[in-house]
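>>> Mind folding the following:
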Amino acid sequence: MQQQGFVLIYNFISMSITKFNPGNIILLSIILLVALLRLASFSGIGPLTLFTPLGAMALFSGVYFPGKIRPFVFPLLTLFISDVIVSFYIFPEMRTGILYSGWFWVYLAFALITLSGKLIVKKVTLKNMILSILMATIIHWIVSDISMCVQANTFTMRLYMQKLVEAIPYELRFMAGTAFYCTVMFGVVELLHKKFPSLQFSIHAVK
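Got it, this is the predicted structure:
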């Protein structure tokens with residue numbers, strides 16, 4: 001069964017590579033670079049430790065990657081790989097199995113953030129970006145905090161509300177990090193599209 005799973009993943013990646021155009025390679029490279037910055041943020045050195053790029057990665061994928069599967073696969077796979085590294089080498093004391101307790105709710109939150117980017121940002125404008133960043137923060141706040149209740153081995157509305165309140169400072173940093181990385185990531189792609197119109201990004205495709 002595990003071998004069949006690896007075969008399916010290999011086939012998916014192979015098919016994706018054959019369909020890649022230079023624009024898609026640029027998009028994937030940006031995501032991988034930002035994922036490395038996420039790992040660097042755990043060093044405790046510099047201002048990057050205050051911000052997380054995960055929200056921006058999910059929105060970025062939802063907006064720019066075409067199809068119904070690819071926008072979700074790339075950010076979640078990148079998140080999974082970086083989470084494995086974090087679980088085994090940075091915070092092994094928090095690991096339960098491969099990842100951490102309550103991981104499902106965190107991944108669900110980022111899948112929903114990806115979907116929100118796909119639905120909201122039909123065109124990259126200041127209004128759409130502000131709305132998508134706010135929506136991403138709300139989704140992350142409401143959904144991922146369920147994992148905190150799972151880690152406490154209980155779920156009550158009182159505990160959930162307590163976790164929501166406790167998470168407000170972190171969510172403000174999450175929103176700031178999402179805004180910062182969205183500005184950089186979306187800005188780079190939009191500048192490249194203006195300078196090299198031949199680059200194909202799904203959001204700029206003629207509908």
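>>> which residue sits farthest out from the middle of this protein?
The centre of the chain is farthest from one residue, Arg158, which by C-alpha atoms, centre = their mean lies 28.8 Å away.
>>> Can you name every helix or strand that the helix or strand encompassing that residue contacts?
Taking DSSP states H and E as the criterion, Arg158 maps to helix 157-166. If contacts are counted by 3 or more C-beta pairs under 8 Å, 6 or more residues apart in numbering; DSSP states H and E, helix 157-166 sits against helix 146-151. The C-beta positions use only the backbone N, C-alpha and C, and glycine is treated the same way.
>>> Swap in 10 Å and give it another go.
helix 126-144, helix 146-151 (3 or more C-beta pairs under 10 Å, 6 or more residues apart in numbering; DSSP states H and E).
>>> Would you convert those into TSV that also reports distance to Leu36 and mean neighbour count?
Putting the helices and strands packed on helix 157-166 into TSV (distance: least, C-beta to C-beta, whole Å; neighbours: other C-beta atoms under 10 Å) gives the following:
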stretch	distance to Leu36	mean neighbour count
helix 126-144	21	18
helix 146-151	24	18
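>>> Off-centre distance for the longest helix seen in the chain?
In the chain, with assignment by DSSP state H, the single longest helix is helix 168-195. Averaging C-alpha positions (C-alpha atoms, centre = their mean, to the nearest Å) puts helix 168-195 12 Å from its chain's average.
>>> Could you list the buried residues of it?
Neighbour counts over helix 168-195 (16 or more other C-beta atoms under 10 Å) mark 171, 174-175, 177-182, 185-186, 189, 192-193 as buried.
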